[in-house]
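Participant: Curious how this folds, go ahead:
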Amino acid sequence: MHFTLAGLLQQLGAAAEAKEHYTRAASLDPQLTEAHFQLGLQLKAEGRFADALPCFDRILQISPSDDRSRTQRLHVLAELNDWRWIQEYADCRRLLGLRGSGCDPSVLMLMEDNPDLLRARAQAYAGDAFPVIEPQTAPPVRQRPARLRIGYFFAGSDGDAIAIRHAAMLAAHDSTRFEIHAYATGSRLSATTTAELSQTVSCFRQLGGTAGQEAAVAVKADRLDIAVDVSGYTNGSLNHLLSGRLAPLHLAWPSYPGTMGTAAFDYLIGDHTVCPPGSERYHNEHLLRLPASHLAVTPAPAAAAGSPDRAGCGLPESGFVFCNFAAGSRITPSEFDIWMRLLSGAKDSVLWLQDNGAHAVSNLRRAAATRGIDPDRLIFAPPAPPAEHQARLPLADLFLDTFTVNSRSAAQSALAARLPVLTLPGQQFAARTVASLLQAAGLPELIAAGTEDYEAKAAGLAQDPEAGKALKHRLQYAVLPDPARLAQQAEQAYDAAYDRYLQGSAPEHLPLA
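Facilitator: Okay, here's the model as predicted:
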């Protein structure tokens, strides 16, 4: 009874009540693995990774071959910067996510930079998420409507963050040529986000948690021309609604930066940096390559009086400040080894990191000591509201990006604060997002060619204060990819894809000039 009630409450967006009933169900029946699994996911969503770990461990004690739980356990360890996950992943990687039930691709992409393997895993996951796919229908007319109706879909527990990330771009659409709709499925958006979207778009709908037949009927009544999913598989979000044909064209806009692994989507929006020539094979979708970046940097608000200083943030008054504010799971020994060598080579330098909880802080401090670095040279910034965090970013000298999955959102904030960001692009989409931003901003010198170049560039800036100041000064005047520019490029992509549809032509990879 508790388990069934928890599921119903979860569908209604009542996460706290659902968690309570999952807890009781797991306590009453320790063998009820799905209760442990859902409870673990709830705790993860709250950022309580250490508390979530026993939930997945319990399942693996009962069923050691449960790949879903193995994947979540690996993710929890990674968020805690407990690098035991690396050997555990190596031991099971060959079949993980490819047998039985599919596993969350947004987690698996953190484990290794292997886009061919990620596509296979995404396809396995999509087989459960989109079991029946409604085919595209022929165009009823051969003329573009005066205003294309574009529907943006936000799903899952990260809906608020994703909606906020896209809000400025949605507001910048040309309302004379495009009619913008927005739909939220799964957990309900906050009242603030709901109010902002309602004022930004022509039509906003909060769909039911199940996103079932009634929701599909409501969306189809809006007669969309293009449906755009902006959540993807972020944190396991599944928009089952899009397995039905809600519009002539379905597009994926990668808040989850990778292929959806299904024919439910006709196109995936990217750019020439994240999807270079030869990357077509990594995606089920056809690629819409925007001329510049598929991301935007929202300008930072004007600094308020009494902006923070170094002392107030626990930083030394002098010395070079390296930083990274990504989630713990983005940081692996590959980056950390380099960062520790940079501290060793730059006297009085420190590494400023996000405080991702006591367990993660303890593990990183221990890892620094093991590498011969005083743990006190790692400074941990407490969580802060976005505006406060943005205000403290200029206190750093250089943002060091992560490799397998870039520190995308954190890097966008750093660039908005005009803080230089150094990246090393990899192979998969998620490993090339920051390079996309830097290329669009005209800062290719901050894109490293390899690990040695990454380390050399960072060390050079730390040892040459004048070069660092010059770079910061140049960044003050750099033209960053902004939401208005992104909206214009998205409109160009929508027109190109819809024109092909009107011509009766099948989708194809479309590079946009």
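Participant: so what's Glu388 up against?
Facilitator: Pro308 (Cβ atoms under 8 Å, 6 or more residues apart in numbering). Where C-beta positions appear, they are placed from N, C-alpha and C, glycine not excepted.
Participant: Now do the SS call for it.
Facilitator: helix (DSSP: H, G, I helix; E, B strand; the rest coil).
Participant: oh, and call the first residue 42 from now on, that's how I've got it
Facilitator: OK, 42 is where the count begins now, so the last one is Glu429.
Participant: Check what pLDDT it gets.
Facilitator: Looking at Glu429, its pLDDT is 91.
Participant: Could you do Ala66 as well?
Facilitator: Reported pLDDT at Ala66 in the predicted model: 73.
Participant: in this protein, what spans have low per-residue confidence?
Facilitator: Across the chain, residues meeting the criterion (pLDDT under 70) sit at 43, 47-54, 62, 181-182, 197-200, 228-229, 249-253, 276-280, 295, 343-347.
Participant: Spell out which residues make up each domain of it.
Facilitator: 43-144, 189-337+525-552, 352-517 (automatic domain parsing).
Participant: So which of these is the most surrounded?
Facilitator: Highest mean neighbour count of the domains of the chain: domain 189-337+525-552, a mean of 20 (counted as mean count of other Cβ atoms under 10 Å).
Participant: Do me a favour and get the end-to-end distance for that one?
Facilitator: 21 Å (Cα to Cα, to the nearest Å).
Participant: Would you map the strands across this structure?
Facilitator: Here the chain has its strands, by DSSP state E, at 189-196, 219-226, 244-247, 267-270, 290-293, 308-312, 327-331, 362-365, 391-395, 419-422, 439-441, 462-463, 551-552.
Participant: Excluding covalently adjacent residues, which one is nearest to Ile488?
Facilitator: Ala476 (4.9 Å; Cβ to Cβ, 6 or more residues apart in numbering).
Participant: ok, that neighbour - contacts?
Facilitator: Thr314, Val315, Asn447, Thr464, Pro466, Ile488.
Participant: still on that earlier bit, columns distance to Leu158 on top of the domains of the chain, output as JSON lines?
Facilitator: Converted to JSON lines, the domains of the chain look like this (distance: least, Cβ to Cβ, whole Å):
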{"stretch": "domain 43-144", "distance to Leu158": "8"}
{"stretch": "domain 189-337+525-552", "distance to Leu158": "10"}
{"stretch": "domain 352-517", "distance to Leu158": "9"}
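Participant: To Arg183, which of those lies closest?
Facilitator: Arg183 lies closest to domain 189-337+525-552 among those, at 5.4 Å (Cβ to Cβ).
Participant: Just the CA atoms of stretch 155-163, as PDB, please.
Facilitator: Provided in PDB are the C-alpha atoms of stretch 155-163 (Å, rounded to 0.1, in the frame of the first residue of the first chain):
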ATOM      1  CA  ASN A 155      33.000   7.100 -25.400                       C
ATOM      2  CA  PRO A 156      30.300   8.400 -27.700                       C
ATOM      3  CA  ASP A 157      29.900   5.100 -29.600                       C
ATOM      4  CA  LEU A 158      29.200   3.300 -26.300                       C
ATOM      5  CA  LEU A 159      27.000   6.100 -25.000                       C
ATOM      6  CA  ARG A 160      24.800   5.800 -28.100                       C
ATOM      7  CA  ALA A 161      24.400   2.100 -27.600                       C
ATOM      8  CA  ARG A 162      23.400   2.600 -24.000                       C
ATOM      9  CA  ALA A 163      21.000   5.400 -24.900                       C
END
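Participant: from the chain's centre, how far out does that stretch sit?
Facilitator: 17 Å (Cα atoms, centre = their mean, to the nearest Å).
Participant: And the contacts of that stretch?
Facilitator: With contact meaning Cβ under 8 Å, 6+ apart, stretch 155-163 is reached by 137-139, 143-144, 146, 149-150, 274, 299-303, 320, 322-325, 468-470.
Participant: at 6 Å what do you get?
Facilitator: Contacts with stretch 155-163, where a contact means Cβ atoms under 6 Å, 6 or more residues apart in numbering, come from Gly138, Pro146, Leu149, Met150, Gly299, Thr300, Gly302, Tyr323, Gln468, Gln469.
Participant: wait, which of those residues is closest to Pro340?
Facilitator: Using Cβ to Cβ, Gly299 comes nearest to Pro340 of these, at 28.0 Å.
Participant: Okay, the closest one and Arg473: tell me how far apart.
Facilitator: Separation of Gly299 from Arg473 (Cβ to Cβ, to the nearest Å) stands at 11 Å.
Participant: Same question for Cys133.
Facilitator: To Arg473, Cys133 is 27 Å away according to Cβ to Cβ.
Participant: Next: Val260.
Facilitator: Val260 sits 32 Å away from Arg473, going by Cβ to Cβ.
Participant: next one: Ala213
Facilitator: 25 Å.
Participant: just Leu84 next, same as before
Facilitator: Leu84 sits 32 Å away from Arg473, going by Cβ to Cβ.
Participant: again, but for Trp126
Facilitator: Counting by Cβ to Cβ - Trp126 and Arg473 are separated by 23 Å.
Participant: do Gln79 as well
Facilitator: From Gln79 over to Arg473 the distance is 34 Å, taken as Cβ to Cβ.
Participant: go on, Tyr518?
Facilitator: Per Cβ to Cβ, Tyr518 is found 25 Å from Arg473.
Participant: Kindly list the longest helix within the chain.
Facilitator: In the chain, assigned by DSSP state H, the helix with the most residues is helix 524-543.
Participant: Just give me how far that one sits from the chain centre.
Facilitator: Offset of helix 524-543 from its chain centre (Cα atoms, centre = their mean): 22 Å.
Participant: can you state the direction angle for it and strand 327-331?
Facilitator: For helix 524-543 against strand 327-331, the angle between stretch directions is 140 degrees (axes from the mean of the first three to the mean of the last three Cα atoms, to 10 degrees).
Participant: the helices in the stretch 342-491 of the chain, which residues?
Facilitator: All helices of the stretch 342-491 of the chain, identified by DSSP state H, counting those that start in this stretch, fall at 374-386, 399-411, 427-433, 449-457, 474-481.
Participant: closest to Ser359 out of these?
Facilitator: Smallest distance to Ser359 across the helices of the stretch 342-491 of the chain (Cβ to Cβ): 15.1 Å, for helix 374-386.
Participant: contacts for that closest one?
Facilitator: Helix 374-386 is contacted from outside by Trp124, Ser390, Leu392, Arg412, Ile414, Arg418, Thr443, Phe444, Glu496, Ala499, Ala500, using Cβ under 6 Å, 6+ apart.
Participant: Brilliant, that's me finished.
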